[in-house]
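[1] Fold the stuff below for me.
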Amino acid sequence: MKKIWMISAIASTLLCAQEITQESIAQQLESKKVKAPKESGFMPDLSLIVDLSYTKQSFDEDHHTEHLEIPGFVHGGGHDHGGHSHAPLAGNDGFNLNYAELSIGASVDNYFDLMGVFHLTEDDFEIEEAYATTRALPYHLQAKIGKFKSDFGYLNNKHHHNYNFSDTPLIYQSLLGDHGLNEVGAQLQYVMPLPVYVMAGIEALNGENEQSFGVDAFSPHDADEDFEGVEKVSQPGLWVGYLKSSFDVGGGTLLGGMSMAKGKSRIDHLEDEEGPHAFAGDTIFYGIDLTYKKYFAADHVITWQSEYLYREMDGTKYVPNATEDAWAKEVALKKEQAGFYSELVYQYDKNWRTGIRYSAITQNDITANGILQDKPEDMYVTSAMLEYNPSEFSRLRLQYNHNSSLYNEEGEKNNKNEVVLQFNYAIGAHGAHAF
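    Below you'll find the predicted structure:
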């Protein structure tokens with residue numbers, strides 16, 4: 001009986017304290033004329049996206065698939081760089097859990113929004129994006145700081161589930177890799193007060209993209225402490241600028257952009273079992289993008305999307321000696337490489353979409369010590385897809401790819417034909433996609 005009285009007394013005290021606390025807070029807010037935070041400040045928007053697929057592949061030569069490469073761009077075999085693992089270019093047959101993406105976002109206060117996107121696979125957990133964006137800067141300015149996808153080009157800042165196809169175009173994969181320009185840094189954008197949309201932006205980024213840039217120092221593995229290797233890049237090591245505009249034409253809307261990225265490169269493949277090497281130098285990118293959308297009704301639209309990318313790398317290739325305690329040779333290396341993709345997607349209604357895409361490498365000029373290397377340029381991928389969306393939260397996509405960009409270790413082309421059945425599901429709050 002005594003325990004019951006004690007519990008009742010404690011409960012009464014807590015209830016009274018809660019009433020007093022709520023009343024005092026309300027009085028303080030009223031007296032100081034402070035706005036109570038919005039509910040979203042305490043309960044962020046949450047979403048989860050899961051992407052799965054079933055893949056069936058065939059090759060011209062099925063027994064030569066372990067060391068497939070895109071010559072001059074992506075070397076053969078699976079590998080791991082900077083904490084990211086990469087599957088061989090042959091890919092994986094059967095069922096695949098591609099990723100799960102968890103997004104959390106809310107307004108911090110009247111001045112900042114905070115967003116986090118977390119990428120999960122069976123083997124890795126990655127902070128894909130985590131950034132704060134300003135809400136109230138004057139003069140049509142907006143700033144962003146943290147880790148984010150760069151606004152270079154058109155496709156780079158999109159997440160995988162926003163793609164019109166199940167994979168990235170060949171030229172993006174070859175020049176920017178699986179993750180694109182996804183960096184830690186700062187961004188400033190300015191929307192010009194004009195009758196049409198014109199936006200200019202600049203970004204200062206660390207420059208850790210492993211396909212074209214990189215920041216880490218390197219030296220032969222068994223070199224002594226006095227050996228002078230290649231120093232780490234001082235950060236920010238990558239600068240990006242772009243100009244984008246949009247206007248109506250022919251009953252539709254055209255969005256176009258020009259982009260440039262310039263930075264230092266430290267590409268370390270010294271861990272490779274075959275042909276270990278490293279590169280240090282300077283890299284510059286140029287990009288042009290055009291996207292045209294014509295709406296016949298709210299869910300009846302045709303979209304044409306294209307980009308052209310050009311990369312120039314100029315520096316030194318380092319090759320270690322047999323004992324890996326010094327450089328066996330240093331080669332003056334210059335790469336001038338370019339390509340494009342173009343895709344046409346037709347959405348019949350809110351459920352059905354279909355599309356085709358062509359992506360090709362148009363330039364692959366590599367000069368070593370002033371001598372032009374013999375590298376192929378006839379590399380391309382053609383794709384076609386049919387998509388059914390039962391609702392805005394689920395998607396089934398059937399895609400066919402003919403990949404004519406892969407070469408085996410003997411320098412012979414090994415075409416790949418691939419059929420992908422993709423399943424994509426989303427739950428929770430998810431913002432509208434950009435144009």
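
[2] which residues touch N414?
    N414 makes contact with F59, D60, E61, H64, T65, L68, L406, Y407, N408, according to C-beta atoms under 8 Å, 6 or more residues apart in numbering. In short, each C-beta sits where N, CA and C put it, glycine included.

[3] The second one: what's it in contact with?
    Read it as D60. K413, N414, N415 are the contacts of D60 under C-beta under 8 Å, 6+ apart.

[4] how far away is the second one from E61?
    So that's N414. 5 Å (C-beta to C-beta, to the nearest Å).

[5] Name the residues contacting each of those two.
    With C-beta under 8 Å, 6+ apart, N414 and E61 have common neighbours N408.

[6] re earlier: out of the contacts of D60, which is nearest to E324?
    N414 (31.2 Å; C-beta to C-beta).

[7] how close does the closest one sit to G339?
    Distance from N414 to G339, by C-beta to C-beta: 20 Å.

[8] what's the answer for N206, then?
    26 Å.

[9] Would you mind telling me which of these two has the busier surroundings?
    G339 (26 against 18; other C-beta atoms under 10 Å).

[10] give me every residue that touches that one.
    Contacts for G339 (C-beta under 8 Å, 6+ apart) come out as L170, I171, S174, L175, Y308, L309, S359, A360, I361, T362, Q363.

[11] give me the beta-bridge partners of the fifth one?
    Read that as Y308. On the basis of DSSP bridges, Y308 is bridged to I288, F340.

[12] Isn't it up against A360?
    No. The pair Y308 and A360 does not pass the contact test of C-beta atoms under 8 Å, sitting 10.5 Å apart.

[13] List the residues that are in contact with both of the two.
    Common neighbours of Y308 and A360 (C-beta under 8 Å, 6+ apart) are G339, F340.

[14] Now distance to I49 and pLDDT too, for the contacts of D60, in a markdown table please.
    Below are the contacts of D60 laid out as a markdown table (distance: C-beta to C-beta, whole Å; pLDDT from 0 to 100):
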| residue | distance to I49 | pLDDT |
| --- | --- | --- |
| K413 | 36 | 92 |
| N414 | 33 | 92 |
| N415 | 32 | 94 |
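
[15] Could I get the full set of strands for the stretch 51-200 of the chain?
    79-81, 84-86, 94-107, 112-120, 125-134, 141-149, 182-191, 197-205 (DSSP state E, counting those that start in this stretch).

[16] The stretch 251-400 of the chain too?
    252-269, 277-297, 300-320, 327-347, 352-368, 371-372, 379-391, 394-403.

[17] Output those strands as JSON lines; include the columns distance to K244 and mean pLDDT.
    Output for those, formatted as JSON lines (distance: least, C-beta to C-beta, whole Å; pLDDT from 0 to 100):
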{"stretch": "strand 252-269", "distance to K244": "4", "mean pLDDT": "96"}
{"stretch": "strand 277-297", "distance to K244": "8", "mean pLDDT": "96"}
{"stretch": "strand 300-320", "distance to K244": "13", "mean pLDDT": "96"}
{"stretch": "strand 327-347", "distance to K244": "18", "mean pLDDT": "95"}
{"stretch": "strand 352-368", "distance to K244": "22", "mean pLDDT": "97"}
{"stretch": "strand 371-372", "distance to K244": "36", "mean pLDDT": "95"}
{"stretch": "strand 379-391", "distance to K244": "26", "mean pLDDT": "97"}
{"stretch": "strand 394-403", "distance to K244": "28", "mean pLDDT": "97"}
